[in-house]
Each structure stands twice: as structure tokens, then as C-alpha cells.
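Asks: mind looking at a prediction? Sequence and model below.
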Amino acid sequence: MIPFSASVFRTIRPPWLPAPALSRLCRVFLLAAGLLCAVGLPGVAWPVKAAEFGDPGERMRVEWRKGRVVVGVYPRPNEGYIQIARRVMKAPADFKAIEAFNAKRPVRTGIPVNFPLTALKPVLWGRALRALHPGDELTGRGWTHNVSDPGETLIQLTEAYTGSKRRFRELARYNRLKNPNVLRLGREIAIPLHWIPEALGFRPRAVKAPLRLERDGRSGRLYAAYKVRPRDTLFSLLLRFTDRERADELGRMTRRVLRINKLASEKRLLAGRSLRIPVEWINEDYLVSPYSRTARLAQRKSSLAQRKSPPVRRKSSLAQRKSPPVRRKLQTRPPKRAVPRRKAPRARPWGGAQRFHVILDAGHGGSDPGAAYGTPGQPDRVYEHEVVYDISLRLARLLRGRGMRVYPTVEDPSHNRPVEKLSTRAIGRERVRVTPPYEMKSSKVAVNMRVYLINAIFRRLTRKLGVDPKRVVLLSLHGDALAPSMRGAMAYYPDRRLRVGEFYPRGRVYRIRSEAVPGRLFFRQADNRAAEQLSRDFGERVIRSFVDHRLGAAHRRAVRPYYYRNGVRTLPGVLRYSQVPTSVLVEVGNLNNRAERLALLKGSTRQRVARALADALDRLRADRRRARLVVKKTRS
């Protein structure tokens with residue numbers, strides 16, 4: 001029921017209409033309005049995602065229409081339903097069904113004949129899906145599809161990629177969907193490779209050496225087989241071929257590989273034995289597939305190189321001799337006087353648009369202290385939040401001394417300055433600096449509060465104070481939980497493919513905060529692409545600064561766009577929903593490594609980490625200021 005006040009209710013209710021009847025009418029009206037918005041108003045054409053594919057003389061159009069994928073085939077001259085069916089259908093004898101699908105209208109040149117996707121030949125079927133969803137790719141869980149059209153449903157996606165609706169519930173469980181009838185835009189749906197017909201062309205063609213592609217005779221699944229060499233361990237092989245580094249992820253994969261290969265222990269790998277690894281786990285660098293991300297990037301670079309204009313041919317000396325000399329007219333008008341430009345207004349002493357602004361986020365806190373390693377009650381016990389919060393206090397002091405403006409997202413009343421020895425007495429008292437402050441009782445709500453606070457600070461700086469968005473940086477500090485043998489810092493930047501179209505958590509806990517006034521936050525693809533480039537550049541600077549300060553960085557891909565959790569690519573919430581163009585999350589070290597854990601417990605090491613981060617920000621500020629001056633000179 002609509003929460004009308006008593007005065008308004010009496011005003012709109014006629015005296016002859018009882019109050020319960022009016023409330024029922026209001027609910028019926030709202031239900032009808034919702035149905036009209038969902039189904040569509042008559043005469044209103046809602047935007048439809050479509051794409052074209054095929055050879056120049058045989059163009060086809062594919063689109064989502066009424067919850068299913070429809071392919072429009074343009075007929076050739078003198079073609080009818082029988083001829084078109086023989087050309088594109090896998091069962092041409094069913095041309096009568098296609099005629100009924102098109103309401104038995106006559107075939108005319110220039111007007112496409114519509115076909116259900118699954119009625120096409122497998123080659124055209126696969127090409128249509130790749131044309132409609134060019135961002136889909138092969139990942140560790142199978143063929144990964146990104147929901148980008150409001151008309152997509154899980155049951156129709158199941159039919160489009162597997163050829164049948166029977167695996168609808170199974171696909172929902174595989175992707176851990178609470179409500180399979182609702183698909184949010186930006187959600188990733190992974191389809192196992194052995195569910196997709198091989199003729200569609202989605203499976204990798206081969207794997208690079210030293211791997212080889214094998215198919216299981218019973219299940220039909222594809223595996224990457226490796227011949228074990230002396231001194232090989234299962235842990236090192238998974239690190240090498242799957243690019244997974246988190247301790248929980250590697251443990252889960254190890255148990256699965258042991259079951260597949262019927263091994264009793266990961267410590268017993270006989271040299272010369274063939275070891276099978278699911279091909280979905282293999283890193284893109286070892287796959288030979290035209291649809292992987294690396295292959296598409298290489299293809300894009302080659303196409304851009306071909307589009308470059310050819311060099312301009314100069315005239316020969318003989319042609320220059322024949323051309324008559326050009327006589328220049330004498331200048332009769334006096335040159336114009338240079339108009340003196342107005343001086344730009346000076347920056348305000350409290351900050352203004354000339355300063356460099358850093359939004360500093362210390363990860364975890366409150367009811368979620370983060371990763372905890374070491375023996376309880378012993379000196380080597382460490383909590384992630386206490387380490388990164390102390391580093392953030394040291395970094396904030398250094399940045400303010402260098403003339404930067406710092407905006408912390410978290411505060412701890414009992415820990416307001418750097419300390420030499422970390423203490424666990426104040427764990428749980430941290431709060432997010434929204435208005436009013438939020439005590440972090442729920443880790444999920446705390447992350448959403450940080451997102452609202454970060455974006456509110458960014459909007460105030462760029463819209464009200466006129467700060468250039470490139471002069472605002474989001475830096476989030478965390479401690480890693482990788483395998484015990486790994487060490488070194490890592491930097492994460494937001495992958496545009498993992499960002500969603502909007503951010504809108506609901507609840508009174510958000511409505512009473514002034515930073516959550518807009519409620520719904522939107523993200524455009526163009527902004528996501530620009531943020532990916534700027535953030536990757538800053539992440540590389542951070543890692544170089546760690547190496548310069550002899551703190552060490554991860555040996556394998558220290559700068560990454562995502563990480564795996566339970567086999568799914570994901571991003572932290574502060575990166576996924578941040579509107580700041582330059583957003584980076586830094587893992588200062590692996591807390592699961594004893595040597596690195598003991599080093600981070602020392603105040604001197606934490607000070608070196610803060611100094612490395614401050615130097616990276618200082619170099620970024622200098623480079624962007626230099627680039628801005630170059631742009632100004634070229635414009636003048």
C-alpha cells in the first residue's frame with residue numbers, strides 16, 4: 001500500500017469511495033504501470049541490440065527479439081523458403097516451420113527472412129553468437145558470456161549456447177544464481193565447454209607446447225595433458241599453466257586434479273607420467289584459439305597497422321621543374337598585435353583545482369579484520385587491517401608533506417597516528433567516514449559505504465571545485481593471502497569487462513547517509529575503458545617504485561586486472577564500482593609468507609612501503625602535470 005498521509009488521503013478520496021477501495025485501485029494502477037514498462041508501450045520501439053555478420057554478398061543480421069536470438073537472412077534473387085533453407089539450415093526439410101515463423105509472408109529481395117538461432121547450420125550459429133556478443137571469451141570456467149541486453153534470459157542463453165533448454169537449472173547452479181529468472185546487466189554467465197557443441201567453434205583448436213590437447217573418451221571433456229619431468233611439483237605446474245596464485249584457489253584446484261588423475265598425494269608425481277589439467281583452467285598464453293583475449297588484441301593491432309595511410313609520394317625533380325614558380329604577394333597590412341592573455345586565477349590556499357588529491361582506503365576493519373596469519377598469542381601473529389591501516393597513516397603524513405590533499409575513508413579513534421608495534425586491542429572499533437559515520441558491523445555494508453564515500457568525494461572535487469579528474473587518485477591498501485612460497489607486492493586495476501552498468505544497494509542504512517544521496521550510480525563503457533588504461537599505468541608505477549625501494553614485487557604478473565575466487569574472475573568492490581578514473585588496489589605483501597609477515601610487523605618496513613607509494617604518486621603527479629603543460633602549449 002502507498003504510504004499516504006492522512007490529509008492527502010482525505011483530499012484525493014471522494015466522499016462516496018471507501019478508503020480500502022481507493023487503496024486497492026492505487027495498487028492496481030501501480031501494477032498496470034509496471035507491466036507496461038516491462039512489456040512495452042504500443043507504438044514505442046525499445047532499443048534492440050543487433051549485429052551483422054557474413055560475407056559482403058551474403059549479409060545476415062542477428063538480434064535479441066522477444067527473449068530469443070533471431071537471425072535475419074537476406075534472400076538472393078529468385079530465392080524462396082526452400083532455397084534459403086538449403087543454404088543456411090541444418091535441416092532444410094523443416095522449411096515449412098520457417099515459413100510459419102515468418103507468418104507466411106512472401107520472400108522479397110532486401111527484406112530478411114527470420115530464423116531461430118538453433119535452426120541454422122553450426123558454423124553460422126557460432127558466427128552469429130560471436131557477432132552478437134563480441135566481448136565473450138574463453139576463461140577458466142568455460143565460455144564466459146557478459147549479460148548486456150535487457151531481453152536476455154537464462155533459459156534462452158542455455159538454448160543459444162547448448163542447443164537445448166534441458167540444462168537450464170544446472171547452468172543456474174553452476175553460476176550460483178539465487179534467482180535464475182533474473183539476470184542483471186553486467187553479470188558473467190559461464191557455460192562449461194563440454195556443454196557447447198564442438199561444431200560451433202568455441203573450443204580451443206590446440207594448446208601450445210609443452211602441453212597437448214586430449215579428449216576423454218567417456219565424458220567428451222577436453223584436457224591439457226603434460227608429461228611430468230623430474231623435479232616438477234603439482235603446485236608449480238598449476239602456477240605455471242593456470243595463472244592462479246591465491247592459496248584457497250590453488251588448494252581447490254589441487255584436489256580436483258588429484259581426483260581427475262587418480263593420484264593419492266600431490267607429492268608423488270612420477271617423471272614421465274601424463275598429467276591432465278582441465279582446458280578451461282589453462283592460461284590464455286598457452287591456448288591456440290582465435291577467440292581468446294590475446295588473439296583478439298593481436299588481431300586488432302594488425303588491423304590498425306593496416307589502416308595506416310600510405311606514405312605520401314613526392315613529386316619528381318622533373319615535375320618540380322615544369323611547375324611555374326609561385327609569386328608571393330607583398331604584405332600590405334601591418335601585422336596584428338598580440339593580445340595579452342589574461343592570467344589564470346591562482347589556486348585557493350586551501351586546495352582548489354591545482355593540487356593532487358588522493359583518496360586513501362585502508363582495507364577491511366570492524367567485524368572483518370582481513371587475513372590473519374601466524375600463531376595466536378605469538379609475536380608473528382598479524383591482522384591485515386592493522387598492517388595496512390598503519391601504512392595508510394604513514395602514507396597520509398608523507399603525502400601532506402609533499403603538498404597533496406588526502407581523504408581517508410576509514411578512521412580508528414584509538415589508532416590515530418603511526419605506531420612501532422601493532423596491537424590487536426582496537427580491532428573492531430573502525431568506522432567508515434560517511435555522514436553520519438558507520439561502524440563496520442557488516443563487511444558487505446562497509447564496502448558499499450566506502451563506494452558511496454569514494455564517489456561522493458570524487459563528484460565534489462570534479463563538479464564543485466573544478467578539479468581535473470586525472471588529478472584525483474584512489475589508492476586502496478590490502479595484504480595478500482597467496483601460497484606460502486610466494487612473496488612480493490601486487491597491484492590490481494579495474495578490468496572494464498567486470499564492471500557493471502549500475503550500483504544501487506537498497507536499505508535505510510544507506511538512505512540516511514548524505515554521501516548516498518544519488519542512490520543509483522551509473523558507469524559508461526567509454527569511462528570504463530579510459531579508467532582501465534589510466535589505472536594500469538599507475539599500477540605499473542607502483543610496482544616499479546616497490547622494486548626501486550628493494551621491497552620486492554611478485555615474479556609473475558605483478559600488475560593484474562582481476563583475480564579468481566572459486567573459479568570466477570572477480571574484482572574488489574572499491575575497484576568495480578569506483579568512478580575515479582585512476583583506481584588501484586595494492587597488495588603490500590603476502591601475509592601467508594612467514595618472512596614477509598615478520599618484515600611487515602616492523603615499523604621500518606611499513607615506513608619503506610609508505611615511502612614507495614608516496615614516490616609513485618609523486619612521479620604520477622609530475623608526469624601528468626608535464627603532459628598537461630604540453631597540451632596547453634600545443635593548443636596555444
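Replies: Okay, I see it.
Asks: now residue 452, what's its secondary structure?
Replies: Look at residue 452: counting by DSSP: H, G, I helix; E, B strand; the rest coil, its state is helix.
Asks: so it sits against residue 514, correct?
Replies: No - under the criterion of CB atoms under 8 Å, residue 452 makes no contact with residue 514, lying 9.4 Å away. Every C-beta, even on glycine, is put in place using the N, C-alpha and C of the backbone.
Asks: these two: who's more crowded?
Replies: Taking other CB atoms under 10 Å, residue 452 and residue 514 do not tie; residue 452 has more neighbours (24 against 10).
Asks: show the contacting residues for the more buried one.
Replies: 434, 510, 513, 515, 516 (CB atoms under 8 Å, 6 or more residues apart in numbering).
Asks: how does it look with 6 Å?
Replies: 515, 516 (CB atoms under 6 Å, 6 or more residues apart in numbering).
Asks: from residue 398, how far out is residue 254?
Replies: Distance of residue 254 to residue 398, given as CB to CB, to the nearest Å: 41 Å.
Asks: which one's more surrounded, the two?
Replies: residue 398 (18 against 15).
Asks: so which strand or helix has the more buried one?
Replies: helix 384-401 (DSSP states H and E).
Asks: just the C-alphas of that helix, formatted as CSV.
Replies: In CSV, the C-alpha atoms belonging to helix 384-401 read as follows (Å, rounded to 0.1, in the frame of the first residue of the first chain):
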residue,chain,number,x,y,z
GLU,A,384,45.7,-7.5,7.6
HIS,A,385,43.8,-4.3,8.6
GLU,A,386,46.2,-3.3,11.3
VAL,A,387,49.1,-3.5,8.9
VAL,A,388,47.5,-1.6,6.1
TYR,A,389,45.9,1.0,8.4
ASP,A,390,49.3,1.9,9.9
ILE,A,391,50.8,2.1,6.4
SER,A,392,47.9,4.5,5.4
LEU,A,393,48.6,6.8,8.4
ARG,A,394,52.3,6.9,7.4
LEU,A,395,51.5,7.5,3.8
ALA,A,396,49.0,10.3,4.6
ARG,A,397,51.6,12.1,6.6
LEU,A,398,54.2,11.9,3.7
LEU,A,399,51.7,13.0,1.0
ARG,A,400,50.5,16.0,3.1
GLY,A,401,54.2,17.0,3.5
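Asks: run the chain-centre distance for stretch 125-144.
Replies: Computed by CA atoms, centre = their mean, to the nearest Å, the separation of stretch 125-144 from the middle of its chain amounts to 16 Å.
Asks: what residues of it count as buried?
Replies: 125-133, 136-144 (16 or more other CB atoms under 10 Å).
Asks: can you check stretch 404-417 too?
Replies: So, applying 16+ other CB under 10 Å, buried residues of stretch 404-417: 404, 405, 406, 407, 408, 409, 410, 411, 412, 415.
Asks: my guess is residue 168 contacts residue 159, does it?
Replies: No - assessed by CB atoms under 6 Å, residue 168 is found out of contact with residue 159, at 8.4 Å.
Asks: between the two, who's got more neighbours?
Replies: A side-by-side neighbour count of residue 168 and residue 159, using other CB under 10 Å, places residue 159 first with 20 against 17.
Asks: what about that one, helix or strand, and which?
Replies: helix 154-162.
Asks: could you give the mean pLDDT of that helix?
Replies: In this model, helix 154-162 has an average pLDDT of 91.
Asks: go through the lengthiest helix in the chain and flag the buried ones.
Replies: If you go by DSSP state H, the chain has its longest helix at helix 603-635. Neighbour-count burial for helix 603-635, with 16+ other CB under 10 Å as criterion, is recorded at 605-618, 620-621, 624.
Asks: how far off centre is it?
Replies: That offset, for helix 603-635, works out to 26 Å (CA atoms, centre = their mean).
Asks: from residue 472, how far out is the residue nearest to residue 108 when sequence neighbours are not counted?
Replies: The shortest distance from residue 108 to any non-neighbouring residue, by CB to CB, 6 or more residues apart in numbering, is to residue 75 (7.5 Å). Distance of residue 75 to residue 472, given as CB to CB: 55 Å.
Asks: how near is the residue nearest in space to the middle of the chain to residue 153?
Replies: Against the mean C-alpha coordinate of the chain, by CA atoms, centre = their mean, the closest residue is residue 498 at 2.1 Å. Residue 498 sits at a distance of 22 Å from residue 153 (criterion: CB to CB).
Asks: returning to that earlier point: okay, residue 75 and residue 472: which has more neighbours?
Replies: residue 472 (23 against 18).
Asks: and that one, its phi and psi?
Replies: When quoted as degrees, to the nearest 10, the phi and psi of residue 472 stand at phi -120, psi 130.
Asks: secondary structure class for the closest residue to residue 448 other than its chain neighbours?
Replies: Once flanking residues are discounted, residue 448 sits nearest to residue 505: 4.7 Å by CB to CB, 6+ apart. Here residue 505 is coil, with the state taken from three-state DSSP.
Asks: burial measure for residue 505, as a count.
Replies: 18.
Asks: residue 228 now?
Replies: There are 16 residues near residue 228, going by other CB under 10 Å.
Asks: does it really touch residue 274, like I thought?
Replies: No - Residue 228 is beyond contact range of residue 274, at 7.6 Å (criterion: CB under 6 Å).
Asks: re the thing from before, the helix or strand following the helix holding residue 398 pairs with which strands?
Replies: Moving toward the C-terminus from helix 384-401, the next helix or strand (DSSP H and E) is strand 405-408. Neighbouring strands of strand 405-408 in its sheet, by DSSP bridges, are strand 357-362 (parallel).
Asks: what angle sits between the partner strand and helix 603-635?
Replies: Strand 357-362 runs at 150 degrees relative to helix 603-635, counting by axes from the mean of the first three to the mean of the last three CA atoms, to 10 degrees.
Asks: just the CA atoms of strand 357-362, as CSV, please.
Replies: What follows is strand 357-362, C-alpha atoms only, in CSV (Å, rounded to 0.1, in the frame of the first residue of the first chain):
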residue,chain,number,x,y,z
HIS,A,357,44.1,14.7,-4.5
VAL,A,358,44.5,11.1,-3.1
ILE,A,359,41.5,9.1,-1.7
LEU,A,360,43.2,6.7,0.6
ASP,A,361,41.4,3.5,1.6
ALA,A,362,42.7,1.0,4.2
